[in-house]
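Visitor: Starting from these lines, generate the structure:
(2 chains)
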Amino acid sequence: MKTSPRAAVPAGPATARRRPFGTLREGIHDLTSRVRLIRFLVGAEMKRTHADTAIGTLWWILDPVLQMLVYWVLVAVIFQRTTPDILLFLMSAILPWKWFASTLSEASTSITSRQSLIRQLQFPKLVLPTAGACAAVVSFAFGLVALAGLYILYPERLSLWVLALPAIAAVQFVFSLALGIFLAAMNTFFRDVQNVLRHVVRLWFYMSPVLYSLDQLEEQPVAQNVLSLNPMAPILDGYRRILYGTEESVGGVAPDWLPLLGVLGLSTILLALAIVAFKRAEPAFARILS
Amino acid sequence: MSEGDGRELALDVRDLGVRYNLNFTKRTTLKGSLGSMLRRSREATTHFWALRHLSFSVEHGESLGVIGPNGAGKSTLLLALAGILQPSEGLVDVRGKVSTLLTLGAGFEPELTGRDNIDLLGAFLGLSRREMADLVPSIVDFADLGAFIDAPVRTYSLGMKARLGFSIATAVQPDILLLDEVLGTGDQVFRAKSQQRIRELMTTARAIILVTHDLTYVTEFCNRGMLLEQGQLVFQGDPAETVDVYRRRVAERKLLVASDAQRFAVEPAR
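Guide: Below is the predicted model:
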């Protein structure tokens, strides 16, 4: 069932080859006109996750805590790192990384997991990866409760820089949304994407300053330089500075704004490109998902 | 726009073609499609035309019954008319609001209650909060699921899901009604009720396109018939005559099964 009047649809190639800026504007309109739908989809996602477990939503808080403990065993017990206040050090980067990874996996399968709906209704498909990314924000927000709990152990680490968190989170959101939209379209054509993605994200995790910080790589300047090209590096470093501080300074410090602005600029361009690519691929979705 | 005899068109289809790319159909993997891309040079075609060179129009007040064997392109036609599938070539001109009654209920979120699912599908359809506020009571009322309307849809039986799907799909009065084999939904009581609802929609809709395998529906509900075979228009005209042509061709084809098998052996697997 479709409710808006529709004008004549010319043959495929003519609609597909519109000018990029028109396509981009159309994509943005797809999202702004369906805010209500995105909200409903996020709500549905919330109800679906952990709906079948005994303690339900508590898992959103418990999950990052357990993950932190696992990495604590690896880093502090096995590798004998002597980073001070290591639990907070780990948590300040694990939490955003979990968010990043779940955004990519949610968004990349958002089209393929709703194929029956796509064959039944005409709606802007761009809302699906976007809703996936927004649902991941909510679980990240729950994880922040666990982080807040850690400040009971390390009260001296808490500073007013915590308030800069939304700014860094915004940069990360734009970056991961851009990737998510692109992956969602790709995965519709090739289901291999979701399989490859798991391993790429894993490798990316180890190449990102989560279990270590780039400062700790001082003796390996080459690795330090290469790894700092990773767009997630300034983001994770930013979180760690405001939430944990540095090994020398006890308590949160100002993030490096310049690289963050760089990532924001890059991500905005990527997001625009991803929306255009997605809109170009969109007419094919219903045909492929038969 | 009006045609020669001054009657208004509800729907105009010109030289419509819908092509599926066999490289990318369901659950292909990179390996599979790379393989078939490499084989392209040897194999004649990687594309499949579900519909080709289809032209017809439907005037106001008409109800068109589309029949044909499996794989004739009937459902693809409805998807194209609903705007879900974009034509690969040709033109689809739909004048007014379209409703599609396709496979209902498959889009439900199992963890959400029936009521939440109504809201969700309403949002998918682009209905505003105010429009939904008007519609929800009538949908709930028509589906008649009792206390189950506030229970998660995963607890529903198939029939209950179908009832809810039907109630949502028919809640908005469309200008052009697209029907795909939905006339028999749910139990006896609900079936009578849904047929009543369809008749109501038929009287208010400007035009109806009905796709069905039940040939009696075509003669009973439609004032024009159309026969599709292998994505092409074979016959259109009086409903009874169309059904006759179809029956004759089915009888003929039974004799041709052997040669058909040969034809499919040459073409790439679907």
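Visitor: Going along the chain, name the strands of the stretch 1-150 of chain B.
Guide: Assignment of strands within the stretch 1-150 of chain B using DSSP state E, counting those that start in this stretch yields the ranges B:9-21, B:47-59, B:63-67, B:89-94, B:98-101.
Visitor: can you give me the mean pLDDT across the shortest one?
Guide: Regarding strand B:98-101, the rounded mean pLDDT is 70.
Visitor: does A:Gly56 sit in a helix or strand, and which one?
Guide: Assignment of secondary structure by DSSP states H and E places A:Gly56 within no helix or strand.
Visitor: actually B:Val172, not the one I wrote
Guide: Assessed by DSSP H and E, B:Val172 sits outside every helix and strand.
Visitor: Got the phi and psi for it?
Guide: When quoted as degrees, to the nearest 10, the phi and psi of B:Val172 stand at phi -90, psi 130.
Visitor: Could you report the neighbour count for A:Asp215?
Guide: Other residues within reach of A:Asp215 by the criterion other Cβ atoms under 10 Å in any protein chain shown amount to 13. Yep, even glycine has a C-beta here, placed from its N, CA and C like the rest.
Visitor: any weak-confidence spans in the stretch 1-150 of chain A?
Guide: Counting by pLDDT under 70, the stretch 1-150 of chain A contains low-confidence ranges at A:1-18, A:50-54.
Visitor: ranges for the strands of it?
Guide: According to DSSP E, counting those that start in this stretch, the stretch 1-150 of chain A carries no segments that qualify as strands.
Visitor: got the residue ranges for the helices in it?
Guide: Taking DSSP state H, counting those that start in this stretch to define them, one finds helices in the stretch 1-150 of chain A at A:12-16, A:20-32, A:35-48, A:58-72, A:86-108, A:115-118, A:127-150.
Visitor: Comparing those helices, which stretch has the densest surroundings?
Guide: helix A:86-108 (a mean of 23; mean count of other Cβ atoms under 10 Å in any protein chain shown).
Visitor: So for B:Leu125, what's the pLDDT?
Guide: pLDDT for B:Leu125: 83.
Visitor: Revised request: answer the last question for B:Glu89.
Guide: Reported pLDDT at B:Glu89 in the predicted model: 90.
Visitor: residues in contact with the closest residue to it other than its chain neighbours?
Guide: On the basis of Cβ to Cβ, 6 or more residues apart in numbering or on different chains, the spatially nearest residue to B:Glu89 that is not a chain neighbour turns out to be B:Gly17, at 4.1 Å. With Cβ atoms under 8 Å, 6 or more residues apart in numbering or on different chains as the criterion, the residues that contact B:Gly17 are B:Trp49, B:Leu51, B:Arg52, B:His53, B:Leu54, B:Pro87, B:Ser88, B:Glu89, B:Gly90.
Visitor: same thing with B:Glu229?
Guide: Going by Cβ under 8 Å, 6+ apart, B:Glu229 touches B:Gly68, B:Pro69, B:Ala72, B:Arg249.
Visitor: where does the stretch 151-290 of chain A dip in pLDDT?
Guide: Within the stretch 151-290 of chain A, the ranges that satisfy pLDDT under 70 run A:290.
Visitor: where do the helices sit along it?
Guide: A:165-189, A:192-206, A:221-227, A:232-243, A:257-288.
Visitor: which of these sits most buried?
Guide: Of all these, helix A:232-243 has the most neighbours on average by mean count of other Cβ under 10 Å, namely a mean of 24.
Visitor: Remind me what it packs against, helices and strands.
Guide: helix A:86-108, helix A:165-189, helix A:257-288 (3 or more Cβ pairs under 8 Å, 6 or more residues apart in numbering or on different chains; DSSP states H and E).
Visitor: Take the helices of the stretch 151-290 of chain A and write them to a markdown table, including distance to A:Lys98.
Guide: Putting the helices of the stretch 151-290 of chain A into a markdown table (distance: least, Cβ to Cβ, whole Å) gives the following:
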| stretch | distance to A:Lys98 |
| --- | --- |
| helix A:165-189 | 12 |
| helix A:192-206 | 10 |
| helix A:221-227 | 20 |
| helix A:232-243 | 12 |
| helix A:257-288 | 19 |
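Visitor: Show me the one of those that comes nearest B:Val189.
Guide: Comparison of the helices of the stretch 151-290 of chain A against B:Val189 by Cβ to Cβ identifies helix A:257-288 as nearest, at 34.7 Å.
Visitor: from the middle of its chain, how far away would the closest one be?
Guide: The offset between the C-alpha centroid of helix A:257-288 and the centroid of the whole chain comes to 13 Å, using Cα atoms, centre = their mean, to the nearest Å.
Visitor: Next, the angle helix A:165-189 makes with it.
Guide: Helix A:257-288 runs at 30 degrees relative to helix A:165-189, counting by axes from the mean of the first three to the mean of the last three Cα atoms, to 10 degrees.
Visitor: Helix A:257-288 close to chain B?
Guide: Yes: residues of helix A:257-288 contacting chain B under Cβ under 8 Å from any Cβ of the partner chain: A:Pro283, A:Ala284, A:Ala286, A:Arg287, A:Ile288.
Visitor: and of the residues you listed, the nearest to A:Ile38?
Guide: Set against A:Ile38, the nearest of the residues of helix A:257-288 next to chain B by Cβ to Cβ is A:Ala286 (20.3 Å).
Visitor: Please list all residues in contact with the closest one.
Guide: Residues in contact with A:Ala286, defined by Cβ under 8 Å, 6+ apart, are A:Ile118, A:Arg119, B:Leu79, B:Ile84, B:Leu85, B:Gln86.
Visitor: For B:Glu109, see how far away it is.
Guide: 20 Å (Cβ to Cβ, to the nearest Å).
Visitor: these two touch, right, A:Leu88 and A:Tyr154?
Guide: Yes: in terms of Cβ atoms under 8 Å, A:Leu88 counts as a neighbour of A:Tyr154; the distance is 5.1 Å.
Visitor: now A:Trp99, nearest residue through space, not along the chain?
Guide: A:Phe140 (3.8 Å).
Visitor: swap in B:Val18?
Guide: Closest residue to B:Val18 apart from its sequence neighbours, by Cβ to Cβ, 6+ apart: B:Leu51 at 4.5 Å.
Visitor: Repeat that for A:Gly238.
Guide: Counting by Cβ to Cβ, 6+ apart, the residue nearest A:Gly238 is A:Pro255, at 3.7 Å.
Visitor: residues touching the residue nearest to the spatial centre of chain A, list them.
Guide: The geometric centre of chain A, computed from its C-alpha atoms, lies nearest to A:Phe100 (Cα atoms, centre = their mean), at 3.1 Å. Contacts were defined as Cβ under 8 Å, 6+ apart; by that measure A:Phe100 touches A:Gln172, A:Ser176, A:Met232.
Visitor: check contacts around the second one.
Guide: Which is A:Ser176. Listed by Cβ under 8 Å, 6+ apart, the contact partners of A:Ser176 are A:Trp99, A:Phe100, A:Thr103, A:Leu104, A:Ala107, A:Ala133, A:Ala136.
Visitor: What residues does the closest residue in space to A:Ala76 that isn't next to it in sequence make contact with?
Guide: Closest residue to A:Ala76 in three dimensions, ignoring its sequence neighbours and counting by Cβ to Cβ, 6+ apart: A:Ile86, at 5.3 Å. With contacts taken as Cβ under 8 Å, 6+ apart, A:Ile86 has the following neighbours: A:Trp72, A:Val75, A:Ala76.
Visitor: Distance check, B:Pro239 against chain A.
Guide: Here the distance between B:Pro239 and chain A works out to 25 Å (Cβ to the nearest Cβ, to the nearest Å).
Visitor: pretty sure that residue is touching B:Thr219, no?
Guide: Yes: here B:Pro239 lies in contact with B:Thr219, judged by Cβ under 8 Å, at a distance of 5.0 Å.
Visitor: And these two? Which one has more around it.
Guide: Residue environment comparison for B:Pro239 versus B:Thr219 gives the larger neighbour count to B:Pro239, 23 against 15, counting by other Cβ under 10 Å.
Visitor: tell me the contacts of that one?
Guide: With contacts defined as Cβ under 8 Å, 6+ apart, the neighbours of B:Pro239 are B:Gly65, B:Val218, B:Thr219, B:Cys222, B:Asn223, B:Arg224, B:Gly225.
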